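>>> okay, here's the prediction I keep looking at, along with the sequence it came from:
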Amino acid sequence: MARRKPPRTPANLPAPDNPPPALVDAGLLGDIRSLIEASRRQVAQFVNSAMVVTYWSVGDRIRRDIVGQERAEYGKQVIAQLATDLTLEYGSGFSRTNLFNMLRFAEVFPDFGIVQSLAGQLGWTHVSHLIYVEDPLAREFYARMSVAERWSARTLRQKIQGMLFERTAISRKPRSVVMQELEALRDEDRMSADLVFRDHYVLDFLGLKDTYGERDLEEAILRDIESFIRELGTDFTFAARQKRMTIDGVDYRLDLLFFHRRLRRLIAIDLKLGRFHAGDKGQMELYLRWLDKHDRHEGEEPPLGLILCAGKSQEHVELLELDKSSIRVAEYVTELPPMEVLGRKLHSAIAAARARIDVSPPELTLGEEDPQLPSGE
């Protein structure tokens, strides 16, 4: 029997020698595609928002049912039975783990107005990470930064695990000041330098071990500039390396120059292998004044400086009043220490900073005893 040839389709038709002119204008096709894609995004956003609100409502309803019950086992039994019934009818989205997450969501975000705001900006997977951040201030920080810097759920989880809040300069401020700055970010889209700069930077992705020089450090950063910017913050844009500044015939070179879009400022970064010294401040002040005079454009704020060093003395920083200047000093590590060690160091630094301004330190915890988070992204 002769083998039957497949029918001709647009995919396997031979191309004509002289194809007819296109009947549809490329601009028309492009516009229609844009309309369809925009509509799809709106639908996806609406569905996501409705899902987050629904999950909160489910958690709130469960919370109201079991509130006041003295037996913890009662709540577990209720959720286990609900999970069995709802999963049969609506699928795995209402598993026991997810119902516990919904309950937790309602407990840590009791204000429905805040929930509605979050639902329009973050997905359920974002929320499922946020609800297990114990400190409310840190939780608010991660929520606002997720929106401002458009973090994926995976990035948010990494930031939480990397203790970004504890490493950020804002965590050393009084809690009332932190809330004011987070509210300004939420309501006015205004970000402060203390929300941008860290007190500790983790540069373990550079792969530097044993002995290395400042040039090795700089070269390693430039080789993995994408990871370095992720650690700095997503609004940083790389501008220059070894920026030359000529003053009275003398050449000076700044290690790295960035621009921060939201702050609208040039950011000068000076790398130091050793500890911070008082003379480092004068050198950075010279760089910043040159940049302000020669490189600052109309509409930009004055430049800021970041001195990245292997160690710093808090007394040096205080006596030089760097917190009142345009210069930040931060430590970096090229090998990530155990999280317990890093956590103790950061919490100790936060407590000491707040004690100096007569503010009680926050109750920060490293461990989690809550139900396991869902693994889906």
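Everything's here; your move. Numbering: from 1, shown residues only.

>>> my read is that S326 contacts E301, right?
No. If you go by Cβ atoms under 8 Å, S326 and E301 don't touch, sitting 9.5 Å apart. (Glycine included, C-beta is placed from N, CA and C.)

>>> and these two? which has more neighbours close in?
When S326 and E301 are compared for neighbours, S326 comes out ahead with 18 against 14, by other Cβ atoms under 10 Å.

>>> nearest spatial neighbour of that one, skipping sequence neighbours?
L304 (5.1 Å; Cβ to Cβ, 6 or more residues apart in numbering).

>>> any buried residues in stretch 230-244, and which?
For stretch 230-244, the neighbour count (16 or more other Cβ atoms under 10 Å) marks R230, E231, L232, G233, D235, F236, F238, R241, K243 as buried.

>>> give the closest residue to the fourth one in space, chain neighbours not counted.
Using Cβ to Cβ, 6+ apart and skipping residues adjacent in sequence, the residue nearest G233 is V196, 5.7 Å away.

>>> need the pLDDT of the one you found.
Looking at V196, its pLDDT is 86.

>>> contact partners for it?
G233, D235, H260, R262, L263 (Cβ atoms under 8 Å, 6 or more residues apart in numbering).

>>> out of those residues, flag the one nearest to F165.
For these, the residue nearest F165 by Cβ to Cβ is G233; the value is 13.2 Å.

>>> could I get the full set of helices for the stretch 201-350 of the chain?
Under the criterion DSSP state H, counting those that start in this stretch, the stretch 201-350 of the chain contains helices at 214-223, 225-232, 278-294, 314-319, 339-356.

>>> and those, which one is worst for confidence?
helix 339-356 (a mean of 63).

>>> buried set for stretch 125-145?
Quick answer for stretch 125-145 (16+ other Cβ under 10 Å): 125-135, 137-145.

>>> using TSV, lay out the contacts of V196 together with pLDDT and distance to E181.
Formatted as TSV, those follow (pLDDT from 0 to 100; distance: Cβ to Cβ, whole Å):
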residue	pLDDT	distance to E181
G233	84	15
D235	86	16
H260	93	16
R262	88	13
L263	90	13
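
>>> then stretch 213-224 to PDB, C-alphas only?
Written as PDB, here are the backbone C-alpha positions of stretch 213-224 (Å, rounded to 0.1, in the frame of the first residue of the first chain):
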ATOM      1  CA  GLY A 213      44.200  42.200  47.500                       C
ATOM      2  CA  GLU A 214      41.900  45.100  46.900                       C
ATOM      3  CA  ARG A 215      42.300  44.700  43.100                       C
ATOM      4  CA  ASP A 216      41.300  41.000  43.400                       C
ATOM      5  CA  LEU A 217      38.200  42.100  45.400                       C
ATOM      6  CA  GLU A 218      37.300  44.700  42.700                       C
ATOM      7  CA  GLU A 219      37.900  42.300  39.900                       C
ATOM      8  CA  ALA A 220      35.800  39.600  41.500                       C
ATOM      9  CA  ILE A 221      32.900  42.100  42.000                       C
ATOM     10  CA  LEU A 222      33.100  43.100  38.300                       C
ATOM     11  CA  ARG A 223      33.100  39.500  37.200                       C
ATOM     12  CA  ASP A 224      29.800  39.000  39.100                       C
END
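
>>> and it, which residues are buried?
Buried-residue list, stretch 213-224, by 16+ other Cβ under 10 Å: L217, E218, A220, I221.

>>> ok, the second one - contacts?
This means E218. Counting by Cβ under 8 Å, 6+ apart, E218 has contacts R241, Q242, D255, L256, L271.

>>> taking those residues one by one, which sit in strands?
Counted as lying in strands by DSSP state E, out of the contacts of E218, are R241, Q242, D255, L256, L271.

>>> out of the buried residues of stretch 230-244, the closest to I267 would be?
Set against I267, the nearest of these by Cβ to Cβ is F236 (6.9 Å).

>>> now the protein, which segments are flagged as low pLDDT?
For the chain, the stretches flagged by pLDDT under 70 are 1-24, 67-72, 210, 336-377.

>>> tell me which stretches of it form strands.
For the chain, the strands defined by DSSP E cover 200-202, 236-247, 250-260, 265-271, 304-309, 327-333.

>>> can I get those strands in TSV including distance to Q121?
Below are the strands of the chain laid out as TSV (distance: least, Cβ to Cβ, whole Å):
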stretch	distance to Q121
strand 200-202	27
strand 236-247	22
strand 250-260	22
strand 265-271	26
strand 304-309	28
strand 327-333	29
